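In: Show me how the following folds:
(chains A, B, C, D, E, F, G and H)
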Protein chains: 8
Amino acid sequence: MKFTAYLAGEIHTSWREELTEKAKALDLPLEFVGPMTDHDRSDNIGELVMGLQSNAIAKDEAASQINNLRTQLLIKQSDLVIALFGEQYKQWNTAMDASAAITLQKPLILIRPEKLHHPLKELSNKANVTVENVNQALKVLSYVLE
Amino acid sequence: MKFTAYLAGEIHTSWREELTEKAKALDLPLEFVGPMTDHDRSDNIGELVMGLQSNAIAKDEAASQINNLRTQLLIKQSDLVIALFGEQYKQWNTAMDASAAITLQKPLILIRPEKLHHPLKELSNKANVTVENVNQALKVLSYVLE
Amino acid sequence: MKFTAYLAGEIHTSWREELTEKAKALDLPLEFVGPMTDHDRSDNIGELVMGLQSNAIAKDEAASQINNLRTQLLIKQSDLVIALFGEQYKQWNTAMDASAAITLQKPLILIRPEKLHHPLKELSNKANVTVENVNQALKVLSYVLE
Amino acid sequence: MKFTAYLAGEIHTSWREELTEKAKALDLPLEFVGPMTDHDRSDNIGELVMGLQSNAIAKDEAASQINNLRTQLLIKQSDLVIALFGEQYKQWNTAMDASAAITLQKPLILIRPEKLHHPLKELSNKANVTVENVNQALKVLSYVLE
Amino acid sequence: MKFTAYLAGEIHTSWREELTEKAKALDLPLEFVGPMTDHDRSDNIGELVMGLQSNAIAKDEAASQINNLRTQLLIKQSDLVIALFGEQYKQWNTAMDASAAITLQKPLILIRPEKLHHPLKELSNKANVTVENVNQALKVLSYVLE
Amino acid sequence: MKFTAYLAGEIHTSWREELTEKAKALDLPLEFVGPMTDHDRSDNIGELVMGLQSNAIAKDEAASQINNLRTQLLIKQSDLVIALFGEQYKQWNTAMDASAAITLQKPLILIRPEKLHHPLKELSNKANVTVENVNQALKVLSYVLE
Amino acid sequence: MKFTAYLAGEIHTSWREELTEKAKALDLPLEFVGPMTDHDRSDNIGELVMGLQSNAIAKDEAASQINNLRTQLLIKQSDLVIALFGEQYKQWNTAMDASAAITLQKPLILIRPEKLHHPLKELSNKANVTVENVNQALKVLSYVLE
Amino acid sequence: MKFTAYLAGEIHTSWREELTEKAKALDLPLEFVGPMTDHDRSDNIGELVMGLQSNAIAKDEAASQINNLRTQLLIKQSDLVIALFGEQYKQWNTAMDASAAITLQKPLILIRPEKLHHPLKELSNKANVTVENVNQALKVLSYVLE
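Out: Numbers count the residues shown, from 1 in each chain, chains lettered A, B, ... in the order given. Modelled structure (predicted):
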């Protein structure tokens, strides 16, 4: 049996690469998918497809359509979701993806630095498991897929 | 026909009172429910019920259990959700509630100041309608319930 | 027991008034809801709420958001849907509403002039009942609610 | 990971072949399915199976049963739906298929010439992404499946 | 709390009247709905609405559309289904209604004479409770609604 | 793409073998599953597993548990259901399986001799397609899977 | 707004009466439903309806059918479930009811003495809130329904 | 066609090995998954991942999060669930898993010693099949997968 995990959240650090490589080293039966991690490409994809938009909001609307299509398609194919919150940025789409997973009854692992525990307390309570770093998430995955 | 709206989001301003009063003045067939808006009571409810917890995270976990029960119960009873993002705080539980509404196919009106358009672009694209203030939300409600 | 019917489709004739009055005369236990039937108001509602948009497509997008919110809210509250196709206009949102009803397993009565039978054959096959005019729809309703 | 896309809509132009060939040239992990594109065969299939019917409506009913069975089976197997509206024909079954996809929470890409924006505004607002031609749809697919 | 029960099955005996009257005498909080019990009216309703059909199968198809609309609407409103099989007739629509209730996770009480136990064994196993007569069904209802 | 079809209904004729062989000859991408077709084994399986039961009803209950488990497991794995009604037997479990397929929104092809059209009219109206013999069902399958 | 709570679990103490009376004293907008609390009546209801059964297992099967019908009907009508585990008895049906509530996404409050924390740890983690006594449950309800 | 079965329940005897080996010897098309069967590892996994917890309840909460993630992930992937109750321990999570399977409409085989029939009567009534030992379960599986 092979599982697919959607990696939601922060795109400015290399946590996806770290998780993917360590999971491979551990020989875990996991395939990983996720959002576009090239920030500029993600912000510009609407205009790349549909041409210049009339203002910044229209540009954002065009891009978010395509980003949401990607997320909806890939979360539906996934067996579990891992969402990482970093210390920068608003990250409301990370919370949106995590909540969608919960509502669809897909298991959710939440990774967040301890200092974010208070603003994330409701999401953490709804997640299956909350950990503080990628290594802890890997311990959970190893146990679950043993 | 009478509808129930869940008012998610910011609890430090009086937007719920404003919306409720104006809706009443307009005679809209709407009842409003929402989260606990007394911030301290919301943070302390876990310890109020279960006694002192061993640390801040345990205290938050105890409180969030009860806050999430409230939200789950009331969103399920609601016909639509109105979520307001302010300029302060992380507001990840607001994003969580809004996304739950979308995934449950409950209509969602998003209220946010224009300056938040970029970080909210994915959520805005998934909402039914995005507006900038309570008065615009009321215009939408008036039209929809005409 | 009292039922709610959503009346989808053509807004340029008075079939809703005819159906509503005759249903009342027959004392059928039915409440009727439906889309905005003032065509201009429906087309302009986006700009009325959000202000002037940058072009016709943006104006349409703003209006359709609010019209779709209305439809989603009211179809969800309805026990059955009655969709009428006239001979003018594209009426793709009528087909959209009818198909949403079918997929949600809400009963659907389709009213269409016989001459439209060919382009509506797939939708007609999925509807519960297809009739040609309001009086036939009323006979169905009378029987069903007897 | 490999995805299946249902290509709903116009059957009188070669857009399916164009999309399929270009997707192959781009090496996209996509398999395409769709309706019967031989118009005569689609209209006559009912009588081919069940014999001559008593009139044109009965013939259409017999054919649409089998066409709807095909569509229902193939949309259920698909991960996303791409619907193209041309400038001829009523195309109500295209709107029906697109709306079924939306209600089933399957991602939808809508392709339509700009001049159809007004009658398609509600469907466009519910689609994930609206573009004007096959090449734009391919740009979306390339980005989403990157 | 008040409940609605759909009474599926045999229309040639007076079991619905018996059940309704005894439930009333017992003051059970139950409202009863069900199919058209006038057999001729049920068989002819299609032609009454749509005019003479070209043959017996077309007449049956027209009638069954409207009968199925009635059943779908009323089962959806019901909290439980009671299905009675008699010793005459094929009664395949009774089995169809009972199975729809089971699949929708609505509670089902099956009433059948003991001699029908063998052909009904699979349906009986899926029903919540199987009894042999109306009085036993009433004992179940009294207990359940106590 | 390969599909699985559950063959519900009559077990005393060789229609499953006929359909399976002809589908193979036509190279249709179909795998077939179905109920136990050895009537005695089907009736006795409860006692074979659980030992002698106290009476005929208990024996039937024991057998039907296991037959229903088989049906539930295999229909869930199937992409469509083909149900054949013959002229003998009560066949209420066939109607039960067909109705479960409809309620689960799985496509259903109904095969029945013309003379059964009246008692099967409601089920026929809910099926996607009704035909009179295996060869017609194969024509439908060939067209749908083309 | 008024809510209904299903009170699952222990039937040998008066916790339901205590909870009901205190909720009334607090003027909480709650109606309570639950299982049969007369243990003998619950065990004998099968034979009371269907007559003497051939052995203890058949008697239990007859009774459990009717008890499960009651539970299924009443949980479906309820907005939340409160499950209390005592220190005696196996209470597997309490765990069954609590898990059904969770899977149906109905909010669950679990009441258990602290000493049962270990065997109930998985259920407790899935419940919205776990408390140790009726008074704590009332505090939760008061807060949630404020 | 190959099926996956989740083996819920008792972890202190070797019934999973027995069932797996005999199913293999019978060449049944079945893959088996299940909970962590190393009791200590199951109890300690929370602290292994997240470090020492402040008390026994916090330790249990940490472990149960991860055990529930495992169960949720694997039951979702499974086509049927087999739950075995032994004579020791509370086994409330076994009842929880069995009830989740039922509510998700996954087939359930219950294995329990005859002496447990009374406390398991409601769960047994909801299971598809109840047997007393692994060999009987294998007979059921052989028949169902024939």
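In: The longest helix seen in chain A - contacts with which helices or strands?
Out: As assigned by DSSP state H, the longest helix anywhere in chain A is helix A:56-77. Where contact means 3 or more C-beta pairs under 8 Å, 6 or more residues apart in numbering or on different chains; DSSP states H and E, helix A:56-77 is packed against strand A:3-9, helix A:39-50, helix A:92-103, helix B:121-126, strand D:129-131, helix D:134-144. Heads up, the C-betas are built off the backbone N, CA and C, glycines and all.
In: Out of those, flag the one nearest chain G.
Out: Closest to chain G of the helices and strands packed on helix A:56-77 is helix A:92-103 (C-beta to the nearest C-beta; 8.4 Å).
In: what about the residue nearest to residue A:90 when sequence neighbours are not counted, helix or strand, and which?
Out: Leaving out its chain neighbours, the residue that sits closest to residue A:90 by C-beta to C-beta, 6 or more residues apart in numbering or on different chains is residue B:119, at 3.6 Å. Counting by DSSP states H and E, there is no helix or strand that carries residue B:119.
In: Settle this for me: residue B:119 is touching residue A:94, isn't it.
Out: No - Residue B:119 lies out of contact with residue A:94 (C-beta atoms under 8 Å); the separation is 10.5 Å.
In: if we can go back for a sec, using CSV, write out every CA atom in the longest helix of chain A.
Out: Taking Å, rounded to 0.1, in the frame of the first residue of the first chain, the C-alpha atoms of helix A:56-77 are listed here in CSV:
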residue,chain,number,x,y,z
ALA,A,56,-3.5,44.2,-8.4
ILE,A,57,-6.7,42.6,-7.1
ALA,A,58,-7.7,41.3,-10.5
LYS,A,59,-4.2,39.9,-10.9
ASP,A,60,-4.5,38.2,-7.6
GLU,A,61,-8.0,36.8,-8.4
ALA,A,62,-6.6,35.4,-11.7
ALA,A,63,-3.7,33.7,-9.9
SER,A,64,-5.7,32.4,-7.0
GLN,A,65,-8.2,30.7,-9.3
ILE,A,66,-5.4,28.5,-10.7
ASN,A,67,-3.7,28.0,-7.4
ASN,A,68,-7.0,26.8,-5.9
LEU,A,69,-7.6,24.5,-8.8
ARG,A,70,-4.2,22.9,-8.2
THR,A,71,-4.9,22.5,-4.4
GLN,A,72,-8.4,21.1,-4.8
LEU,A,73,-7.2,18.6,-7.4
LEU,A,74,-4.2,17.4,-5.3
ILE,A,75,-5.8,17.4,-1.9
LYS,A,76,-8.6,15.2,-3.3
GLN,A,77,-6.0,12.7,-4.5
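In: where does the nearest residue to residue A:106 once chain neighbours are set aside fall, phi/psi-wise?
Out: The shortest distance from residue A:106 to any non-neighbouring residue, by C-beta to C-beta, 6+ apart, is to residue A:81 (5.6 Å). Residue A:81 adopts backbone torsions of phi -120, psi 140, taken as degrees, to the nearest 10.
In: Distance check, residue A:81 against chain D.
Out: 16 Å (C-beta to the nearest C-beta, to the nearest Å).
In: ok, that residue - how many residues close by?
Out: 26 (other C-beta atoms under 10 Å in any protein chain shown).
In: does it have beta-bridge partners, and which?
Out: residue A:6, residue A:108 (DSSP bridges).
In: now the residue of chain A found nearest chain C, what's its secondary structure?
Out: For chain A and chain C, the shortest gap (C-beta to the nearest C-beta) falls at residue A:54, measuring 4.1 Å. Using DSSP: H, G, I helix; E, B strand; the rest coil as the criterion, the local structure at residue A:54 reads coil.
In: got the contact list for the residue located most distally from the centre of chain A?
Out: Distance from the centre of chain A peaks at residue A:54, with 30.0 Å (C-alpha atoms, centre = their mean). Neighbour list for residue A:54: C:54, C:55, C:58 [criterion: C-beta atoms under 8 Å, 6 or more residues apart in numbering or on different chains].
In: and if you look at residue A:19?
Out: Neighbour list for residue A:19: A:7, A:32, A:82, A:134, A:137, A:138 [criterion: C-beta under 8 Å, 6+ apart].
In: Wait, the second one touches residue A:2, no?
Out: No - with contact defined as C-beta under 8 Å, residue A:32 does not count as touching residue A:2 (11.7 Å).
In: These two: who's more crowded?
Out: Here residue A:32 and residue A:2 are compared on neighbour count by other C-beta under 10 Å; more neighbours surround residue A:32, at 17 against 9.
In: I'd assumed that one was in a strand, is it?
Out: Yes - assignment of residue A:32 by three-state DSSP places it within a strand.
In: out of the contacts of residue A:19, which is most surrounded?
Out: Within those, neighbour counts (other C-beta under 10 Å) peak at residue A:82, which reaches 30 neighbours.
In: Close to chain C: what parts of chain A are there?
Out: Listed as neighbours of chain C in chain A under the rule C-beta under 8 Å from any C-beta of the partner chain: A:54, A:55, A:58.
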